[in-house]
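*Asks:* pasting a predicted model and its sequence here:
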Amino acid sequence: MPTPQLIHPAPPQLIHARRLIVATNRGPVEYYLSHDQTLKSRRGAGGMVTALIDAGSRMDVTWVAMAMTEGDRIAFREAQKNDGGLLPSPIRGQKMELRYVSIPRTAYRKYYEQISNRLLWFLQHYMYDPREDSMNNQKIQDAWKNGYCVANQAIADAINAEIERQDTIPVVMLHDYHLYLAPAMIRQCHPTIAMQQFIHIPWPDVRCWHFLPSNIAQAIYTGLVGNDIIGFQTERDARNFLEGARTLLDGAVVDFEEGAVWWQGHRTQARAYPISISVTEERRIIQSKAGKRAAEKIQPLLGEKTIMRVDRIEPTKNILKGFQAYAKMLDDHPELLGKVKFLAFLVPSRQSLPEYKRYNADVLKIIDEINLKYGTDEWKPIHAFTKDNDRTRALAAMRFYDVLLVNPIIDGMNLVAKEGPVVNECNGILVLSRTAGAFQQLGKASVPTSPTDVMETAEALYNALNMPPEERHIKSTLARQIVERNDLDVWLSRQINDVNDLLARILPQTATTSEPRLFLAAASAG
């Protein structure tokens, strides 16, 4: 079956400013020491970097990020000696400069592991259990003060230095839950700077924020309303943020119809920008030599019918209940034994955290149990890839699924739900949690399920496998077209339009055609 033709969305837009500063926890480049102790670099990992990596391909950008590895720290020290802290991007075709920020390792662990990933990540995915005392209040306060606050101040200081490095006025774009305090810190030094932040994970109901110590919850909101615009994955996330602002910020005025909050004389707009993928880049990868080689190796592993999933191994992805549903389906429909295979592409994640190590072990255990219970010499029910993060192999495999299972407990978006439909060549059907961010756009093009209901997910898998061909074609085509019409260009362009409107209000002269403008090319999800 030939690859479907892309329905082209609107072209990328122009930012009416001279400079762009992007700030994230994880940089677009990871430095490391080779066996001979030579400093080398590779493209950074992680979903956020994946979504933004090519944003600087046709413009001048400075990217500020934390030094995460020892190689990053060495590169940072060398840059401090020779180039005022700036590194040229080693990625081919990039015009951007990199400014890495280094803090003591102990402070980094408190910021990254304890607050960002053990506290905020679980809280914002509705999985924080306040009854657990592994992170008691004293430990939380210490990690907050001596980790999270330290890291955010270091990022803010680096951005302020970058703002002041030239006379021209930049736009600042920050990303995600690691940098909630930085906007107010930057605003304090540069009151008129144009600043936007995008939150890639869910924003929960205000009652969840009350589980945190009051000083932390209020500091998070105080930090974020330093932005002019805050982007969320869904309209529900944006509304939850506004509800929290009304509750947690004393004297805040919130207009839900306008989607804005006024606090201490500053206006912050809350908007939904559902993130997406670069459709052309996904298809380029599967048609590359590496993609075709990967596909050739996958094809012998397919069953008469094939279910797939592609996930990081972490509790929010709900992998255990997905496999339990598969086993339930085999129990209820023994005629499928020997015929339906489950290919799982699973990447270990955050193994320094005990919760993740336990979950990783539980996932491997259930795979072995299902294969032992149902498998035969000729048929292995689950074939799992868990050793490495081979994105090309996973994309190439998704050409062939009959059913793609995406059943997170909750997700900001889940880009696998968008990648699958645009590369699949088998009228494959998406089984999708109603609580995934992607459900807002793809609900009608999927078979919906409750992430916590094993029986319902088992029925959804069975119904998707046995859907009549005409209905399969309609649903799979609809899913593909929805993603094509709302790809990464659209995600970026909507944000850029809003930034331009902001610039026209606060700095009208920058919106004239006589001023130099930056072209923000579409980011690649590759």
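*Replies:* Thanks, I have the structure now.
*Asks:* tell me which stretches of the stretch 151-300 of the chain form strands.
*Replies:* Counting by DSSP state E, counting those that start in this stretch, one finds strands in the stretch 151-300 of the chain at the ranges 170-175, 194-198, 229-232, 253-255, 260-263, 266-272.
*Asks:* mind putting those strands into TSV with mean neighbour count, distance to residue 313 and mean pLDDT?
*Replies:* (Glycine included, C-beta is placed from N, CA and C.) Below are the strands of the stretch 151-300 of the chain laid out as TSV (neighbours: other Cβ atoms under 10 Å; distance: least, Cβ to Cβ, whole Å; pLDDT from 0 to 100):
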stretch	mean neighbour count	distance to residue 313	mean pLDDT
strand 170-175	25	23	93
strand 194-198	24	25	96
strand 229-232	25	26	98
strand 253-255	14	39	97
strand 260-263	19	37	98
strand 266-272	19	29	97
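*Asks:* and those as TSV, adding distance to residue 80?
*Replies:* Output for those, formatted as TSV (distance: least, Cβ to Cβ, whole Å):
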stretch	distance to residue 80
strand 170-175	22
strand 194-198	26
strand 229-232	32
strand 253-255	43
strand 260-263	37
strand 266-272	34
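*Asks:* minimum distance to residue 114: which of those strands has it?
*Replies:* strand 170-175 (20.3 Å; Cβ to Cβ).
*Asks:* and the angle from that closest one to strand 194-198?
*Replies:* 20 degrees (axes from the mean of the first three to the mean of the last three Cα atoms, to 10 degrees).
*Asks:* and strand 170-175, how far from the chain's centre?
*Replies:* 17 Å (Cα atoms, centre = their mean, to the nearest Å).
*Asks:* so which elements touch it?
*Replies:* Packing partners of strand 170-175 (3 or more Cβ pairs under 8 Å, 6 or more residues apart in numbering; DSSP states H and E): strand 19-24, helix 149-165, helix 182-189, strand 194-198.
*Asks:* dump those into JSON lines; add distance to residue 235 as well.
*Replies:* Below are the helices and strands packed on strand 170-175 laid out as JSON lines (distance: least, Cβ to Cβ, whole Å):
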{"stretch": "strand 19-24", "distance to residue 235": "24"}
{"stretch": "helix 149-165", "distance to residue 235": "27"}
{"stretch": "helix 182-189", "distance to residue 235": "22"}
{"stretch": "strand 194-198", "distance to residue 235": "15"}
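*Asks:* which one of the ones you listed lies nearest to residue 332?
*Replies:* Using Cβ to Cβ, those put strand 194-198 closest to residue 332, at 42.4 Å.
*Asks:* which strand or helix spans residue 343?
*Replies:* Take DSSP states H and E as the rule and residue 343 turns out to sit in strand 340-348.
*Asks:* just give me how far that strand sits from the chain centre.
*Replies:* On Cα atoms, centre = their mean, the centre of strand 340-348 falls 20 Å from the chain's centre.
*Asks:* check stretch 371-387 too.
*Replies:* Per Cα atoms, centre = their mean, the centroid offset for stretch 371-387 relative to its chain is 30 Å.
*Asks:* check stretch 357-368 too.
*Replies:* With Cα atoms, centre = their mean, you get 24 Å for stretch 357-368.
*Asks:* in that stretch, which residues are buried?
*Replies:* For stretch 357-368, burial by neighbour count (16 or more other Cβ atoms under 10 Å) applies to 359-360, 363, 366-367.
*Asks:* contacts for stretch 360-371?
*Replies:* 313, 319-320, 323-324, 326-327, 344, 346, 348, 351, 380-382, 384, 386 (Cβ atoms under 8 Å, 6 or more residues apart in numbering).
*Asks:* so, low pLDDT: which residues of the stretch 301-450 of the chain?
*Replies:* The stretch 301-450 of the chain contains no residues with pLDDT under 70.
*Asks:* what do you get for the stretch 101-250 of the chain?
*Replies:* 133-134.
*Asks:* all the helices of the stretch 1-150 of the chain, residue numbers only.
*Replies:* All helices of the stretch 1-150 of the chain, identified by DSSP state H, counting those that start in this stretch, fall at 47-52, 70-82, 105-109, 121-124, 137-143, 149-165.
*Asks:* dump the ones you listed to a markdown table, plus distance to residue 269.
*Replies:* Output for those, formatted as a markdown table (distance: least, Cβ to Cβ, whole Å):
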| stretch | distance to residue 269 |
| --- | --- |
| helix 47-52 | 21 |
| helix 70-82 | 33 |
| helix 105-109 | 32 |
| helix 121-124 | 20 |
| helix 137-143 | 31 |
| helix 149-165 | 20 |
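*Asks:* generate TSV for those, with mean neighbour count and distance to residue 261 as supplementary columns.
*Replies:* Formatted as TSV, these follow (neighbours: other Cβ atoms under 10 Å; distance: least, Cβ to Cβ, whole Å):
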stretch	mean neighbour count	distance to residue 261
helix 47-52	21	25
helix 70-82	16	36
helix 105-109	14	31
helix 121-124	20	19
helix 137-143	14	26
helix 149-165	20	20
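*Asks:* nearest to residue 451, of these?
*Replies:* It's helix 121-124; of the helices of the stretch 1-150 of the chain, that one is closest to residue 451 (Cβ to Cβ) at 15.8 Å.
*Asks:* with just CA atoms, put the helix or strand that the strand holding residue 343 is followed by into PDB.
*Replies:* Per DSSP H and E, strand 340-348 leads on to helix 354-374 as the next helix or strand towards the C-terminus. Written as PDB, here are the backbone C-alpha positions of helix 354-374 (Å, rounded to 0.1, in the frame of the first residue of the first chain):
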ATOM      1  CA  PRO A 354      12.600   3.400  43.000                       C
ATOM      2  CA  GLU A 355       9.000   3.700  41.700                       C
ATOM      3  CA  TYR A 356      10.200   3.300  38.200                       C
ATOM      4  CA  LYS A 357      12.600   0.400  38.900                       C
ATOM      5  CA  ARG A 358       9.700  -1.500  40.500                       C
ATOM      6  CA  TYR A 359       7.400  -0.700  37.700                       C
ATOM      7  CA  ASN A 360      10.000  -1.800  35.100                       C
ATOM      8  CA  ALA A 361      10.400  -5.200  37.000                       C
ATOM      9  CA  ASP A 362       6.600  -5.600  37.100                       C
ATOM     10  CA  VAL A 363       6.200  -5.100  33.400                       C
ATOM     11  CA  LEU A 364       8.900  -7.600  32.600                       C
ATOM     12  CA  LYS A 365       7.300 -10.100  35.000                       C
ATOM     13  CA  ILE A 366       3.900  -9.900  33.500                       C
ATOM     14  CA  ILE A 367       5.300 -10.400  30.000                       C
ATOM     15  CA  ASP A 368       7.000 -13.600  31.100                       C
ATOM     16  CA  GLU A 369       3.900 -14.800  32.900                       C
ATOM     17  CA  ILE A 370       1.600 -14.300  29.800                       C
ATOM     18  CA  ASN A 371       4.100 -15.900  27.500                       C
ATOM     19  CA  LEU A 372       4.500 -18.900  29.900                       C
ATOM     20  CA  LYS A 373       0.700 -19.300  30.400                       C
ATOM     21  CA  TYR A 374      -0.500 -18.900  26.800                       C
END
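*Asks:* quick check on residue 89: phi, psi?
*Replies:* Main-chain torsions, residue 89, degrees, to the nearest 10: phi -70, psi 130.
*Asks:* pretty sure it contacts residue 22?
*Replies:* No. Counting by Cβ atoms under 8 Å, residue 89 does not reach residue 22; the two are 11.5 Å apart.
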